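> sequence plus predicted model, see below.
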Amino acid sequence: MLRTLLEIAAILLNVLWWLIIIQVILSWLVAFNVINTSSEGMRRFLVGLDRFLEPLYRPFRKILPDFGGLDLSPVVVLLLIGILINPVISNALASLPAPGM
């Protein structure tokens, strides 16, 4: 049971990792006018992604110093996700007995 929960947590953290990567890339594309935000569908997608990820960024934005137009909170969240997935969850899964035992 614990193995299954840890595997689900790892999958969800991987999905979150990719959502953050997608949001960062899309924000760069919008900043350089590669993506046109006049499209209603694209604007809704970007706003929805921002609303979903903003609660993750907010605590780190309060702590991090102001770097002008550079937002480092996604980098901090990605580092934390990497720490949770690789050393924490992987080691916890390795320490559990194999399924069926």
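Perfect, thanks for sending it.

> ok, residues contacting the worst-scoring helix or strand of the chain on mean pLDDT?
For the chain, the helix or strand with the lowest mean confidence is helix 90-95, at a mean of 80 (criterion: mean pLDDT, DSSP states H and E). Helix 90-95 has contacts (CB atoms under 8 Å, 6 or more residues apart in numbering) with 3, 6, 7, 10. Just so you know, the C-beta spots here come from the backbone N, C-alpha and C atoms, and that holds for glycine as well.

> and if we set it to 6 Å?
Applying CB atoms under 6 Å, 6 or more residues apart in numbering, the contact partners of helix 90-95 are residue 6.

> hey, C-alpha coordinates of it in CSV?
The C-alpha trace of helix 90-95 is given here as CSV (Å, rounded to 0.1, in the frame of the first residue of the first chain):
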residue,chain,number,x,y,z
SER,A,90,13.5,6.6,-4.8
ASN,A,91,15.2,5.7,-1.5
ALA,A,92,11.9,5.1,0.2
LEU,A,93,10.8,2.8,-2.6
ALA,A,94,14.2,0.9,-2.5
SER,A,95,13.9,0.3,1.2
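
> centre of the chain to it, how far?
Distance of helix 90-95 from the chain centroid (CA atoms, centre = their mean, to the nearest Å) equals 22 Å.

> from the contact counts, what lies against the helix or strand containing residue 77?
If you go by DSSP states H and E, residue 77 is part of helix 73-83. Counting contacts by 3 or more CB pairs under 6 Å, 6 or more residues apart in numbering; DSSP states H and E, helix 73-83 packs against helix 2-31, helix 40-63.

> with distance to residue 77, mean pLDDT and mean neighbour count added, can I get these in JSON lines?
Output for the helices and strands packed on helix 73-83, formatted as JSON lines (distance: least, CB to CB, whole Å; pLDDT from 0 to 100; neighbours: other CB atoms under 10 Å):
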{"stretch": "helix 2-31", "distance to residue 77": "6", "mean pLDDT": "92", "mean neighbour count": "13"}
{"stretch": "helix 40-63", "distance to residue 77": "5", "mean pLDDT": "94", "mean neighbour count": "12"}
